[in-house]
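Participant: Okay, predicted coordinates and the sequence, questions at the end:
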Protein chains: 2
Amino acid sequence: MTQKASVTAAVLVIGDEILSGRTKDANSGYIADYLAKIGIDLREIRVVGDIADEIVAALNALRARYDYVFTTGGIGPTHDDITADAVAAALGVGIGEDPRAIKLLLERIKPEALNEARRRMARIPHGARLIENDISKAPGFWIGNVIVMAGVPAIMQSMLDRVAEKLVTGAKVVAKTIEAGGLPEGAYAAGLTDVAKANPELSIGSYPSFQDGAFRNEIVVRGKDTGKVAAAAAAIEALVARLINEQV
Amino acid sequence: MTQKASVTAAVLVIGDEILSGRTKDANSGYIADYLAKIGIDLREIRVVGDIADEIVAALNALRARYDYVFTTGGIGPTHDDITADAVAAALGVGIGEDPRAIKLLLERIKPEALNEARRRMARIPHGARLIENDISKAPGFWIGNVIVMAGVPAIMQSMLDRVAEKLVTGAKVVAKTIEAGGLPEGAYAAGLTDVAKANPELSIGSYPSFQDGAFRNEIVVRGKDTGKVAAAAAAIEALVARLINEQV
């Protein structure tokens, strides 16, 4: 992997089934975790339906703003699989049956079974690199800064593994979590603001959850400088300890 | 509920914790299900971080395009809770401490404990209606076509219940699912395209999943005309039965 100070990314999830509620999107959360681990900052996620103009508009907005755009969904053999054509349209390049992709498909599909629909899976924008996976023979592809992957989670994950080592990455974000020890957010918010203001290069968040009738709060410090993250986390731990002590 | 032919919506999820992978967003999937059931078409989901300019830009893009924008996250008492101010900025209205919201907070918080941080939860854009919930006293709000809800799922769900009966809704989408009975997508894709072309007003999707080393495909027909959905589903069932028969 090549390294830069900061590398940014967006995820574009493509599919009516997410918007209708039929399918719960697990891919964007998986990619968020994955990119954090390798040192790429995920800045935005969008979900759009199977509508060419929507996909093109979202792709063009995202690829102009971020170093990488990872798409999931819409690269199968059926009529609703329109991602490859939308990517070609967004990038203004041609698209056609790719002999490398046909060869891959023929490793699993008999020549007489390679019908028109299955050939759709070999439609790849001109100039793209193919992305193989461990599960199917239908490839994703990488063109410009757009990385096009399948929607089926196991296949998407395999494609992401294949791509990861070729990505330019940045400094990894380090995170420290501090349990608020039963304190309500309103009790530590002022102190936390002070720590946040003193550390503008860190991202400090307070995350309440509600379980079994009670709130449980966690404070997370995130940043690329391990020493600064540790110092801010220590300051917050001291704040929490002091406030708990004052309560007693 | 008032009814229209078609009512559209977008969801805007606000929070660094989703983009960092720390928290898996369950709210947008819940809202997708909920809106489908009451007859609102969810067209787009976006996730942005706790950055004012990003929230404002996403809000303005979405509220111009869709009948409703539902936001989740960023309305607590800590420094990273900036949604209310971003909404006011996006809509070009003032914002300040809302006496109605202060009154609500005082139902649970003693006057001497209503510190500056907790008062932040009463910052409401001018002209907004408050949205209460069954769990906390901190309200969400509704201004223009923007509905601002908490990020904690139980609270967000309660707010959505409170809002639902006041929303204008459209015809509900009916969905029929056809099991592809072990057929690969490539076997039925051509026939499915014919059904889709004959029914341009329906959304017909093919959804593969991969479990225990095998693909399992489902075909879903969605639309607002029950008769047309049933007829298309019957045509697809006949297609699947014919293809399975041909295989034997």
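Facilitator: That came through fine.

Participant: Please count neighbours and contacts with C-alpha atoms only from this point.
Facilitator: Noted.

Participant: Now do the strands in chain A.
Facilitator: Counting by DSSP state E, chain A has strands at residues A:8-14, A:41-48, A:68-72, A:95-97, A:123-125, A:129-131, A:140-143, A:146-149, A:174-179, A:203-211, A:214-223.

Participant: Can you give me the buried ones in stretch A:226-245?
Facilitator: Using 16 or more other CA atoms under 10 Å in any protein chain shown as the test for burial, stretch A:226-245 gives A:228-230, A:232-233, A:236-237, A:239-240, A:243-244.

Participant: what's the answer for stretch A:16-28, then?
Facilitator: Here stretch A:16-28 shows A:16-21, A:24-25, A:27-28 as buried, counting by 16+ other CA under 10 Å.

Participant: hmm, it in reach of chain B?
Facilitator: Yes. Contact of stretch A:16-28 with chain B (CA under 8 Å from any CA of the partner chain) involves A:16-22, A:24-25.

Participant: returning to that earlier point: tell me the one among the buried residues of stretch A:16-28 nearest to chain B.
Facilitator: Nearest to chain B among the buried residues of stretch A:16-28: residue A:21, at 4.5 Å, using CA to the nearest CA.

Participant: distance of the most centrally placed residue in chain A from residue A:153?
Facilitator: Centroid-nearest residue in chain A, with CA atoms, centre = their mean: residue A:31, separated by 3.6 Å. Remark: distance between residue A:31 and residue A:153 (CA to CA, to the nearest Å) = 10 Å.

Participant: try residue A:226
Facilitator: Between residue A:226 and residue A:153 the distance is 33 Å, computed by CA to CA.

Participant: One more: residue A:96?
Facilitator: For residue A:96 relative to residue A:153 (CA to CA), the value is 26 Å.

Participant: okay, the two: which has more neighbours?
Facilitator: Neighbour count, other CA atoms under 10 Å in any protein chain shown: between residue A:96 and residue A:153, residue A:153 has more, with 19 against 15.

Participant: Tell me who's in contact with residue A:159.
Facilitator: Residue A:159 makes contact with A:131-134, A:140, A:149-150, according to CA atoms under 8 Å, 6 or more residues apart in numbering or on different chains.

Participant: separation between it and residue A:8?
Facilitator: Where residue A:8 is concerned, residue A:159 sits at a distance of 19 Å (CA to CA).

Participant: what do you get for residue A:201?
Facilitator: For residue A:201, the distance to residue A:8 - CA to CA - is 16 Å.

Participant: neighbour count winner among those two?
Facilitator: The residue with more neighbours, out of residue A:201 and residue A:8, is residue A:8; 19 against 14, by other CA under 10 Å.

Participant: Go ahead and confirm the more buried one touches residue A:43.
Facilitator: Yes. Counting by CA atoms under 8 Å, residue A:43 is a contact partner of residue A:8 at 6.5 Å.

Participant: And stretch A:142-152, what's buried?
Facilitator: Buried residues in stretch A:142-152 (16+ other CA under 10 Å): A:142-143, A:145-152.

Participant: can you check stretch A:52-60 too?
Facilitator: Of all the residues in stretch A:52-60, those buried under the rule 16+ other CA under 10 Å are A:52, A:54-56, A:59-60.

Participant: In contact with the residue nearest to the centre of chain A, which residues?
Facilitator: A:11, B:21.

Participant: Residue A:93 too?
Facilitator: A:125-126.

Participant: Give me the distance between it and residue B:69.
Facilitator: To residue B:69, residue A:93 is 34 Å away according to CA to CA.

Participant: what's residue A:150 sitting at in phi/psi?
Facilitator: With angles defined as degrees, to the nearest 10, residue A:150 sits at phi -70, psi 170.

Participant: ok, it touching residue A:74?
Facilitator: Yes. Contact criterion CA under 8 Å: residue A:150 and residue A:74 qualify, at 6.9 Å.

Participant: State the distance from residue A:142 to residue A:70.
Facilitator: Going from residue A:142 to residue A:70 by CA to CA gives 9 Å.

Participant: Mind listing the shared neighbours of the two?
Facilitator: Counting by CA under 8 Å, 6+ apart, the contacts common to residue A:142 and residue A:70 are residue A:148.

Participant: Domain-wise, how is chain A divided?
Facilitator: A:8-164, A:174-247 (automatic domain parsing).

Participant: Pick the most buried one from these.
Facilitator: domain A:8-164 (a mean of 20; mean count of other CA atoms under 10 Å in any protein chain shown).

Participant: which strands and helices sit next to the longest helix anywhere in chain A?
Facilitator: In chain A, taking DSSP state H as the definition, the longest helix is helix A:226-247. For helix A:226-247, the packing partners by 3 or more CA pairs under 8 Å, 6 or more residues apart in numbering or on different chains; DSSP states H and E come out as strand A:174-179, helix A:185-198, strand A:214-223.

Participant: If we use 10 Å, what do you get?
Facilitator: Where contact means 3 or more CA pairs under 10 Å, 6 or more residues apart in numbering or on different chains; DSSP states H and E, helix A:226-247 is packed against strand A:174-179, helix A:185-198, strand A:203-211, strand A:214-223.

Participant: just the angle between the shortest one and helix A:226-247, please?
Facilitator: This means strand A:174-179. Using axes from the mean of the first three to the mean of the last three CA atoms, to 10 degrees, the direction of strand A:174-179 lies 10 degrees away from that of helix A:226-247.

Participant: before we move on, what about the third one?
Facilitator: On the basis of the same axes, to 10 degrees, strand A:203-211 is oriented at 50 degrees to helix A:226-247.

Participant: Strand A:203-211 pairs with which strands, parallel or anti?
Facilitator: strand A:214-223 (antiparallel) (DSSP bridges).

Participant: what angle do the partner strand and helix A:185-198 make?
Facilitator: 10 degrees.

Participant: and strand A:214-223, average pLDDT?
Facilitator: Mean pLDDT, computed over strand A:214-223, is 95.

Participant: then it to PDB, C-alphas only?
Facilitator: Extracted in PDB, the C-alpha atoms of strand A:214-223 (Å, rounded to 0.1, in the frame of the first residue of the first chain):
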ATOM      1  CA  ALA A 214     -31.600   3.100  31.400                       C
ATOM      2  CA  PHE A 215     -29.100   5.200  29.400                       C
ATOM      3  CA  ARG A 216     -25.500   4.100  29.100                       C
ATOM      4  CA  ASN A 217     -23.100   6.700  27.700                       C
ATOM      5  CA  GLU A 218     -19.700   6.200  26.100                       C
ATOM      6  CA  ILE A 219     -17.300   8.900  25.100                       C
ATOM      7  CA  VAL A 220     -15.000   8.200  22.100                       C
ATOM      8  CA  VAL A 221     -11.800  10.000  21.300                       C
ATOM      9  CA  ARG A 222     -10.600   9.500  17.700                       C
ATOM     10  CA  GLY A 223      -7.500  10.900  16.000                       C
END
